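>>> model the following, please.
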Amino acid sequence: MLSDHPEFEGFPKQTIKFLKGLRKNNNKEWFTKHRAAYDEYYVPVAKAFAAEMGTALKKISPDVNCEPRVGGSLFRINRDIRFSKDKTPYKPHMDMWFWEGGTKSMETTGFFFRLAGTHVIRGAGIHCFSKEGRSRFLDAVDSTEGSKLARAIAKLEKSGFVVGGDKLKRVPREYDADHELGELLKHKGLHVSREIPHSGDLHSKKFIVECVKDYRAMWPVSRWFVENVLLP
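Numbering: from 1, shown residues only. Model (predicted):
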């Protein structure tokens, strides 16, 4: 079967130009006028990058999932504005998700990618725990496994990664308020990420290597979730 996207050769400068233009002109009129740029410099190159990134990630985690299509690993550019105060119709960035487990969800762990007009974000972890997932997370943090996650996070923080995810204001009441891993127990989702300005490699094949380096560094956190939080 022939691929519906070219081989990844880096993100063209036209892709960045399109994203910057969309951020400044986030409206249907501008998007319609520049639809050709979206069709030529956004969708095909995103599919190509996702496909190659998915292959590279398999060498880190053999069970990671990649679907190089819009609605698969590629997030749709249209925003869901039904319940949002922000009524701008489009996302002025390119988002991708490579997930672990049998079901695509932000409640499972995986690798996240965002390309914006001025920077790149690479992350790993769980955006939002499911009810059962959070229960498993709390149990694991409260066991001997908790220190393993804490050490993995501390190592990443020393390298410039940041920890994110919604948190409770207090440690859950079923645990001691002064629990040594209380800050972890507060999390309703937990991920690590790094935001960096565009590098010269963005426009070449070498960008894949740059991404793999960060994802490999973050893998111990995602692997901890695979082993302790994901359902069998």
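>>> now do the helices in the protein.
In the chain, the helices defined using DSSP state H lie at 13-24, 28-33, 35-41, 43-58, 131-141, 145-158, 182-185, 206-228.
>>> okay if I get the ones you listed as CSV plus mean neighbour count, mean pLDDT and distance to P172?
In short, each C-beta sits where N, CA and C put it, glycine included. Shown next, in CSV, are the helices of the chain (neighbours: other CB atoms under 10 Å; pLDDT from 0 to 100; distance: least, CB to CB, whole Å):
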stretch, mean neighbour count, mean pLDDT, distance to P172
helix 13-24, 17, 98, 39
helix 28-33, 12, 97, 44
helix 35-41, 14, 97, 45
helix 43-58, 20, 97, 33
helix 131-141, 17, 97, 7
helix 145-158, 15, 98, 14
helix 182-185, 18, 98, 6
helix 206-228, 19, 97, 17
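>>> looking at the ones you listed, which is nearest to N65?
helix 43-58 (7.9 Å; CB to CB).
>>> need the helices of the chain in TSV with distance to R173, can you?
Converted to TSV, those look like this (distance: least, CB to CB, whole Å):
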stretch	distance to R173
helix 13-24	43
helix 28-33	48
helix 35-41	49
helix 43-58	39
helix 131-141	12
helix 145-158	18
helix 182-185	11
helix 206-228	22
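>>> so which of those is nearest I77?
helix 35-41 (7.3 Å).
>>> contacts for the closest one, please.
P12, Q14, T15, K17, F18, F31, I77 (CB atoms under 8 Å, 6 or more residues apart in numbering).
>>> at 6 Å what do you get?
For helix 35-41, the surrounding residues in contact (CB atoms under 6 Å, 6 or more residues apart in numbering) are P12, Q14, T15, F18.
>>> identify the bridge partners of G110.
Beta bridges link G110 to W99, G125 when assigned by DSSP bridges.
>>> contacting residues for it?
G110 touches W97, F98, W99, E100, counting by CB under 6 Å, 6+ apart.
>>> surely the last one touches F225?
No: here E100 lies out of contact with F225, judged by CB atoms under 6 Å, at a distance of 7.5 Å.
>>> pretty sure F8 sits against A48.
Yes: under the criterion of CB under 6 Å, F8 makes contact with A48 at 4.0 Å.
>>> returning to what we had before: shared neighbours of E100 and F225, anything?
T109.
>>> pick out the residue nearest the middle of the protein.
For the chain, the residue nearest the mean C-alpha position is F112 (1.5 Å; CA atoms, centre = their mean).
>>> now that residue: closest residue in space that isn't a chain neighbour?
Once flanking residues are discounted, F112 sits nearest to G123: 4.1 Å by CB to CB, 6 or more residues apart in numbering.
>>> can you pull the contacts of that neighbour?
G123 is in contact with F112, H191, S193, counting by CB under 6 Å, 6+ apart.
>>> got the contact list for the second one?
Right, H191. H191 sits next to G123, G125, G164, G165 when contact means CB under 6 Å, 6+ apart.
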